[in-house]
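Visitor: Provided below for reference: sequence and predicted model.
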2 protein chains.
Amino acid sequence: MTESIDERIARVSFDANGLVAAIVQQHDTREVLMLAWMDAEALRRTLTSGRVTFWSRSRQEYWRKGDTSGHVQLVRGARLDCDGDAVLLLVEQVGAACHTGTRTCFDADDLDPVVAVP
Amino acid sequence: MTESIDERIARVSFDANGLVAAIVQQHDTREVLMLAWMDAEALRRTLTSGRVTFWSRSRQEYWRKGDTSGHVQLVRGARLDCDGDAVLLLVEQVGAACHTGTRTCFDADDLDPVVAVP
């Protein structure tokens, strides 16, 4: 790999707010843990430090996951999607991913869809 | 379950463009297949029909996955996240999820992160 970090980040299509959606998945169980947002700098920190950093839209600040909760996300992989506007992060999640204390942010609210039977 | 479809959709926090991010995951292998966008009507169709429908931001139209490609997504579950701004869809994916022909939209582009060793 000779591609620089700048070259990798340049492939991302950030939205009008300068953000890209980041899906976080536990690398071994493949649970989808959460979705959050990154600007170019948060992505750079994530790709270069081994720890996941987001941009908090509500607080308008960088947010390195686990700094206050201890529930850090250790980077195991990172993929960009086909049109460059979504990142999939594979992580080792320490403790609960959700601020509510559940393992994932998708544990509490079932939208109860009609289920297709092929 | 006595909660109406309107009550379920009312829990979603759509963004300034009226959209919510939808992560699509293969229900059994737990592969993350793609990320796309839904407005309230696309979510309603998805939750009530057994077939996944998105809102195409580039084409500005509804897009029922598989209508042109045959690569339909059959709904097996749907979850809303803790702050209501992301949906996780569990599906049975027929064929390739990605328009490029790969199984998922995250197969082609490795962002090559520094990997954390605990």
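Guide: Thanks, I have the structure now.
Visitor: CA only for contacts and neighbour counts going forward, please
Guide: Will do.
Visitor: surely residue A:13 touches residue A:87?
Guide: No - contact between residue A:13 and residue A:87 fails when scored by Cα atoms under 8 Å: they sit 10.3 Å apart.
Visitor: surely residue A:9 is within a helix?
Guide: Yes - assigned with DSSP: H, G, I helix; E, B strand; the rest coil, residue A:9 falls within a helix.
Visitor: got a pLDDT number for it?
Guide: pLDDT, residue A:9: 97.
Visitor: without its sequence neighbours, what residue ends up closest to it?
Guide: Take residue A:9 and drop its neighbours on the chain: the residue closest to it by Cα to Cα, 6 or more residues apart in numbering or on different chains is residue A:40, 6.8 Å away.
Visitor: how near is the one you found to residue A:22?
Guide: Going from residue A:40 to residue A:22 by Cα to Cα, to the nearest Å gives 12 Å.
Visitor: longest helix in chain A, please.
Guide: helix A:40-49 (DSSP state H).
Visitor: in that one, what's buried?
Guide: Neighbour-count burial for helix A:40-49 flags A:40, A:42-48 (criterion: 16 or more other Cα atoms under 10 Å in any protein chain shown).
Visitor: ok, so of those residues, who is nearest chain B?
Guide: Using Cα to the nearest Cα, residue A:47 is the member of these that lies nearest chain B, at 4.3 Å.
Visitor: can you list the weak-confidence ranges in chain A?
Guide: A:1-2, A:117-118 (pLDDT under 70).
Visitor: would you state the helices of it in chain order?
Guide: A:5-10, A:40-49.
Visitor: related to what we said a few turns ago, who has more neighbours, residue A:13 and residue A:87?
Guide: residue A:87 (27 against 16; other Cα atoms under 10 Å in any protein chain shown).
Visitor: hang on, the more buried one packs against residue A:81?
Guide: Yes - the pair residue A:87 and residue A:81 passes the contact test of Cα under 8 Å, sitting 6.3 Å apart.
Visitor: what parts of chain A come near chain B?
Guide: By the rule Cα under 8 Å from any Cα of the partner chain, the part of chain A lying against chain B is A:8, A:23, A:30-32, A:34-35, A:46-51, A:74-82, A:86, A:88, A:98, A:100, A:105-118.
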